[in-house]
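*Asks:* this is the structure alone, sequence omitted:
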């Protein structure tokens with residue numbers, strides 16, 4: 001497919017816009033429009049502005065840069081207008097024609113590169129990133145807000161551990177039941193312990209875990225209007241995953257944003273409408289979704305150790321976009337003693353790389369204010385969330401430790417990180 005947005009794709013988008021009845025539900029539910037007047041709302045910049053988006057004319061979408069891409073608008077639309085997807089393509093057109101993509105945005109989109117350069121020097125880099133003068137300098141030169149939740153790099157990468165230790169271990173599970181694990185950048189460079197526990201849980205349930213070659217899912221690039229770079233990453237991943245999908249192996253991930261990219265974004269935003277993209281989409285599962293399906297089929301091991309605790313739980317926007325309900329809650333409630341309290345707030349405000357940016361940081365904090373207050377009021381030492389950037393945002397804002405739901409399941413099975 002052409003690396004530019006074609007007229008046929010614009011036609012598909014217009015068809016979606018025609019379904020809009022101007023009910024304003026998307027605007028009333030938009031987290032960003034409710035806290036700032038810099039963004040007039042998804043209806044205005046989405047289906048209402050769509051009739052002006054001629055692919056041969058200049059973009060009219062300057063305010064689109066303040067859309068966080070959270071996807072709430074598409075989720076709540078009663079007529080299934082692809083508002084978020086429409087706006088993502090509008091942002092791409094805006095940056096193609098009227099704006100240069102800032103260096104800051106390009107850096108935030110290249111999580112693999114940043115991780116590869118930083119993890120070997122993590123013991124030196126992490127203390128520096130906690131120094132206020134350094135953070136002020138980064139804000140002044142790059143535009144990454146001084147208080148943005150930069151997580152510490154891990155000196156040991158997940159792939160390094162898997163290749164050097166686990167893959168060669170005599171305890172490694174070999175089985176006719178196989179599952180493919182897409183670890184993503186956050187697990188590889190920041191949270192390798194999460195990946196280790198995910199493998200432990202999958203192996204405990206009788207699966208051999210395959211960790212294929214992979215690159216960043218491309219979502220950080222897509223969110224920053226670098227569609228061509230995102231497509232390149234997408235094609236690398238599709239080439240790596242297609243044969244496994246064709247063999248019927250499930251593809252699971254602990255990053256709900258990565259798995260959403262495979263399920264939806266490659267097809268509906270990057271327009272990679274191919275046999276490879278469709279099959280990978282069909283075979284991809286959020287890890288809690290996959291394990292809950294096992295439970296529903298009576299195939300999940302339930303040899304849980306009781307844990308007497310109540311966890312606050314935030315369901316991130318991108319998990320909701322999977323349209324699979326809240327599998328983490330149903331899964332964890334199988335553990336004796338575990339109680340889950342769902343936080344009644346839609347968005348934490350970070351929206352991937354959005355809340356890291358100097359001009360958008362406070363918007364993100366204002367969006368997440370209600371959630372932060374609910375987490376604080378829970379007085380819990382630990383809270384749960386499926387998305388890595390959401391965990392980092394909530395933890396920084398509240399002081400509460402955030403973990404992935406799979407870490408609770410692993411604990412109930414008796415697995416603990418050292």
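*Replies:* In hand now; what should we look at? Being a predicted model, the structure only gives us computed values, none of them experimental.

*Asks:* check contacts around residue 375.
*Replies:* 312, 314, 343, 383, 394, 398, 400 (C-beta atoms under 8 Å, 6 or more residues apart in numbering). The C-beta positions use only the backbone N, C-alpha and C, and glycine is treated the same way.

*Asks:* so the third one sits against residue 326, correct?
*Replies:* What it means is residue 343. No. Counting by C-beta atoms under 8 Å, residue 343 sits too far from residue 326 to count as a contact (11.3 Å).

*Asks:* between these two, which one's more packed in?
*Replies:* Counting neighbours by other C-beta atoms under 10 Å for residue 343 and for residue 326 shows that residue 343 has the greater number, 22 against 18.

*Asks:* give me the phi and psi for the more buried one.
*Replies:* Dihedral pair for residue 343: phi -70, psi 130, per degrees, to the nearest 10.

*Asks:* one step back: which neighbours do residue 343 and residue 326 share?
*Replies:* Joint contacts of residue 343 and residue 326 (C-beta under 8 Å, 6+ apart) are 313, 315.

*Asks:* ok, residue 20 - contacts?
*Replies:* So residue 20 contacts 43, 46, 47, 48, 77, 79, 81 (C-beta under 8 Å, 6+ apart).

*Asks:* burial of the fifth one, as a residue count?
*Replies:* What it means is residue 77. 24.

*Asks:* what's it sitting at in phi/psi?
*Replies:* According to degrees, to the nearest 10, residue 77 has phi -70, psi 120.

*Asks:* wait, isn't it in contact with residue 27?
*Replies:* No. Assessed by C-beta under 8 Å, residue 77 is found out of contact with residue 27, at 10.8 Å.

*Asks:* between the contacts of residue 375, which has the most around it?
*Replies:* residue 394 (29 neighbours).

*Asks:* quick check: it is in a helix.
*Replies:* Yes. Counting by DSSP: H, G, I helix; E, B strand; the rest coil, residue 394 falls inside a helix.

*Asks:* that one against residue 372, yeah?
*Replies:* Yes. If you go by C-beta under 8 Å, residue 394 and residue 372 touch, sitting 6.8 Å apart.

*Asks:* low-confidence ranges in the stretch 301-418 of the chain?
*Replies:* 417-418 (pLDDT under 70).

*Asks:* apply 90 and report the result again.
*Replies:* 345-346, 416-418 (pLDDT under 90).

*Asks:* longest helix of this structure?
*Replies:* Ranked by number of residues, the top helix in the chain under DSSP state H is helix 227-246.

*Asks:* buried sites along it?
*Replies:* Buried residues in helix 227-246, counted by 16 or more other C-beta atoms under 10 Å: 227, 229-231, 233-235, 237-238, 240-242, 244-245.
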